[in-house]
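In: fold the following for me, if possible:
(4 chains)
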Protein chains: 2
Amino acid sequence: MGLRERKKEETRHALSDAALRLAVERGLENVRVEDIAAAADVSPRTFNNYFSSKREAIVWRAAERTLGLARQLRERPVSEPLWDAITQAALSQHRTARTPDEKWLSGVRLVLGSPALQGEFLRSHHTAELELTAAIAERTGTDPERDMSPRLIAGAVGLANQVATEYWLEADPPVSIENLLREALSLLRKEVS
Amino acid sequence: MGLRERKKEETRHALSDAALRLAVERGLENVRVEDIAAAADVSPRTFNNYFSSKREAIVWRAAERTLGLARQLRERPVSEPLWDAITQAALSQHRTARTPDEKWLSGVRLVLGSPALQGEFLRSHHTAELELTAAIAERTGTDPERDMSPRLIAGAVGLANQVATEYWLEADPPVSIENLLREALSLLRKEVS
DNA sequence: TGGCATACTTGCGCGTCACGCAAAAAACGC
DNA sequence: GCGTTTTTTGCGTGACGCGCAAGTATGCCA
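Out: All right, here's what the predicted structure looks like:
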């Protein structure tokens, strides 16, 4: 990977980070694209070469996170039962981050609290689910064009993730997100009947 | 319901309809708020008293549709098993519209095809799911603040709807959406294990 | 029926945004 | 080094979202 591409990745991260940080600090409405660009030491016009809106920049990291789930799933032995593999892959997504990850927490709060960001978030999440669908279909040897089940399973996993996160955010006293996720996944198995 | 509120509803529908129609006709990018307002015979400024963006206006009808599911569910006898009631309520949502409902079809195509609208659509859908969650919790006598299952079931229903619609749109040869939805719901019951 | 209070509409103006275009600058390969 | 390709940047434009205050329609009670 040449200098060119490394720099691009760097800039992308810098912009996304700056966008999230500033938005958490002063609230989404009080951050102009100009500010983000300045924080990443780049011209305002360049910002739009990377992201087509503030929202997209803020949400980008979260989307990456979700794509990681699909990657993790592909790396698991095919001998493992599907649902187990999914559960492990999903759980490992949350283990990569340190437990109280304050930065992520404020990010989640911000995103889930702002209607404008919610839409962007759900959209990116939906896009990432396509990747997960492909990974599942590959593993089960199913054609996702004909059979809805890979898509449905991917959606169910996304749903579990989403709901677990929602409850984790509100939980008082705090609960570990791993437990919530595990519970959500197992409830989905049992209660949907 | 007084004249005042009736007129408001009327304007709201006129705006939403005009927005959808124009967007389908000329493509989202070629419709200005000004055009929508003109088509609904209202000042541009008034448009923003009803909707805070083009996207919101276009998606509004779809959101209403989803809220109907929750309403339908509440009207079903509590003696009926939950999953049956949900299935019937979901199916009836699609029966209210005439089968080939060309208008709805182009709307769906438009919405699912445009990234900007997808986000807005998913967001409104997500909001409507809260209502569905409440309806389910009420019916099962569960506290949705403590127990994730109503939320998960609502999400699963939304997912089935979404996936069924996606496949229905692509199906060649055409398949009835009722069958797809029924299949999605039953796959969710069985395959999530 | 008249008249007042309330709610809705409208015009204006401002700051911001997304993006096309073309020139300058940087990284690459030979 | 040097020409090529890719990226960054500045500028300009059309549109948007919304606050504000004045105008207009509706609801309601005497």
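In: does chain B have contacts with the worst-scoring helix or strand of chain A on mean pLDDT?
Out: Taking mean pLDDT, DSSP states H and E as the measure, helix A:102-113 is the helix or strand of chain A with the lowest mean score, a mean of 86. No - judged by C-beta under 8 Å from any C-beta of the partner chain, helix A:102-113 makes no contact with chain B; its nearest approach is 10.4 Å. Yep, even glycine has a C-beta here, placed from its N, CA and C like the rest.
In: from the chain's centroid, how far away is whichever helix or strand comes after that helix?
Out: With elements assigned by DSSP states H and E, the helix or strand that comes after helix A:102-113 is helix A:115-140. Put simply, helix A:115-140 sits 9 Å off its chain's centre (C-alpha atoms, centre = their mean, to the nearest Å).
In: helix A:115-140 and chain B in contact?
Out: Yes - for a cut-off given as C-beta under 8 Å from any C-beta, helix A:115-140 has contacts with chain B, namely A:115, A:118-120, A:122-123, A:126.
In: now render those residues as JSON lines, adding pLDDT and distance to B:S92.
Out: Formatted as JSON lines, the residues of helix A:115-140 next to chain B follow (pLDDT from 0 to 100; distance: C-beta to C-beta, whole Å):
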{"residue": "A:P115", "pLDDT": "91", "distance to B:S92": "29"}
{"residue": "A:Q118", "pLDDT": "95", "distance to B:S92": "28"}
{"residue": "A:G119", "pLDDT": "95", "distance to B:S92": "28"}
{"residue": "A:E120", "pLDDT": "96", "distance to B:S92": "32"}
{"residue": "A:L122", "pLDDT": "96", "distance to B:S92": "26"}
{"residue": "A:R123", "pLDDT": "95", "distance to B:S92": "29"}
{"residue": "A:H126", "pLDDT": "94", "distance to B:S92": "26"}
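In: ok, back up a step: so what secondary structure elements neighbour the least confident helix or strand of chain A?
Out: helix A:3-26, helix A:54-75, helix A:115-140, helix A:149-170 (3 or more C-beta pairs under 8 Å, 6 or more residues apart in numbering or on different chains; DSSP states H and E).
In: so, low pLDDT: which residues of chain A?
Out: A:97-100, A:191-193 (pLDDT under 70).
In: what residues does it put near DNA strand C?
Out: With C-beta under 7 Å from any atom of the strand as the criterion, chain A meets DNA strand C at residues A:2-5, A:7, A:31-34, A:45, A:48, A:52-55.
In: right, and A:Q162 touches A:H125 too?
Out: Yes - look at A:Q162 against A:H125 with C-beta atoms under 8 Å: they come within range, at 7.3 Å.
In: about what we covered before: can you put the helices and strands packed on helix A:102-113 in CSV and add mean neighbour count?
Out: Formatted as CSV, the helices and strands packed on helix A:102-113 follow (neighbours: other C-beta atoms under 10 Å in any protein chain shown):
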stretch, mean neighbour count
helix A:3-26, 16
helix A:54-75, 20
helix A:115-140, 20
helix A:149-170, 22
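In: out of these, which gets nearest to B:P144?
Out: Minimum separation from B:P144 across those (C-beta to C-beta) falls at helix A:149-170, 10.0 Å.
In: what angle do that closest one and helix B:149-170 make?
Out: Counting by axes from the mean of the first three to the mean of the last three C-alpha atoms, to 10 degrees, helix A:149-170 lies at 150 degrees to helix B:149-170.
In: returning to what we had before: give me the subset of the residues of chain A next to DNA strand C touching DNA strand D.
Out: A:4-5, A:7, A:45.
In: between which two of those is the distance greatest?
Out: A:E5 and A:R45 (20.6 Å).
In: distance from the least confident helix or strand of chain A to the middle of the chain?
Out: Distance of helix A:102-113 from the chain centroid (C-alpha atoms, centre = their mean) equals 12 Å.
In: specify the angle between that helix and helix A:115-140 in degrees.
Out: Using the same axes, to 10 degrees: helix A:102-113 against helix A:115-140 is 110 degrees.
In: please spell out which residues along helix A:102-113 are buried.
Out: By neighbour count on 16 or more other C-beta atoms under 10 Å in any protein chain shown, the buried set for helix A:102-113 is A:104, A:107-108, A:110-112.
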